[in-house]
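Asker: Below are the sequence and a predicted model; questions follow.
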Amino acid sequence: MKSLNDKVVVITGAGSGIGRALALETARRGGAVAISDVNEAGLNETVALVKEIGAEVKADKLDVSDRAAFLAYADAVAEHFGRVNVIINNAGVTMTGDFEDMTLDEFDWIMGINVNGVVTGTKVFLPHLIASGDGHVVNISSLFGLVSMPGQSAYNASKYAVRGFTEALREEMLINKHPVGVTCVHPGGIKTGISKNGRKTAGQNSEALDRIFEEKLARMTPDKAARVILGAVQRNQARILVGIDAHIVHNFGKFAGSRYQDIVAFGSKRVIPAKKKA
């Protein structure tokens, strides 16, 4: 896929952050967008911004963890546009806290969105991508799909799962000679508010955790991240790391091997805020 001009691009989680930036950048590159989010207010803001650019847009409220709703949504998008060229499974959430403090319901919640949402989105749109003759699957993993961090066991699990699923899918597309490219995206710290909008286990110092992410870790703007991601799609890259921090930490993990876990555990003691006293 050398160009997004006249392509139909489906983007989940487009009510803010990277999803919104991807919708706007797609519109600037001549594509039509089908966008969704659980946040209708944010979604409506994205619609207005896309229309200012002059691109065609279809917007729907969608919970990606609802499989039946996702299937109906895919049919409606395909019927509306007559084709689908790209699916960007961007919707995702965080669940911060030690695993021992986490309930199984909390773990299931993040997996339902971050993993099942990606799998369902890929499944329901894949036939349309194949039929288009020029399709692409983009699944958003994370830097935490390459290295693990304390307090992020559930998020790590979900993003490693996205990575493994996406890489295997790409191999299958190549073997079966389907006209569908596949890209796995690993963003580092992006200014999206994902920490503030995510959930924490009981006893976590939410304010301090959000402040660390927003002030020290989130360096890149969503707009720049979107340009990097869509550029990777047009080059049909299998994997793209977004942000210098993603490259640094990934290379550190490769260089240190499994010993990186000990180094991270030692360093994190000085950074992670103490839990609130009961």
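Answerer: Arrived safely, thanks for sending.
Asker: What pairs with the helix or strand harbouring Ala34, parallel or antiparallel?
Answerer: For Ala34, the enclosing helix or strand under DSSP states H and E is strand 32-37. Using DSSP bridges, strand 32-37 pairs in its sheet with strand 8-11 (parallel), strand 57-61 (parallel).
Asker: Distance from the chain centre to the first one, please.
Answerer: Translated: strand 8-11. Strand 8-11 has its C-alpha centroid displaced from the chain centroid by 14 Å (CA atoms, centre = their mean, to the nearest Å).
Asker: Leu146 and Gly188 touch, don't they?
Answerer: No. The criterion here is CB atoms under 8 Å, and Leu146 misses it with Gly188 at 9.9 Å. Using the backbone N, CA and C atoms, a C-beta is placed for each residue, glycine as well.
Asker: Overlap in contacts, these two.
Answerer: Residues touching both Leu146 and Gly188 (CB atoms under 8 Å, 6 or more residues apart in numbering) are 241, 246, 249.
Asker: could these go into a markdown table alongside neighbour count, distance to Phe125 and secondary structure?
Answerer: Putting the shared contacts of Leu146 and Gly188 into a markdown table (neighbours: other CB atoms under 10 Å; distance: CB to CB, whole Å; DSSP: H, G, I helix; E, B strand; the rest coil) gives the following:
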| residue | neighbour count | distance to Phe125 | secondary structure |
| --- | --- | --- | --- |
| Leu241 | 21 | 25 | strand |
| Ala246 | 23 | 26 | helix |
| Val249 | 22 | 31 | helix |
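Asker: All the strands of the stretch 51-200 of the chain, residue numbers only.
Answerer: Counting by DSSP state E, counting those that start in this stretch, one finds strands in the stretch 51-200 of the chain at the ranges 57-61, 86-89, 95-96, 135-140, 180-187, 199-200.
Asker: now the third one: how far from the chain's centre is it?
Answerer: For strand 95-96, the gap between its own C-alpha mean and the chain's C-alpha mean amounts to 16 Å (CA atoms, centre = their mean).
Asker: who does it pair up with?
Answerer: strand 199-200 (parallel).
Asker: any idea how far the closest residue to Gly92 other than its chain neighbours is from Gly31?
Answerer: Leaving aside its sequence neighbours, Gly92 sits nearest to Asn114 (CB to CB, 6 or more residues apart in numbering; 5.0 Å). For Asn114, the distance to Gly31 (CB to CB, to the nearest Å) stands at 25 Å.
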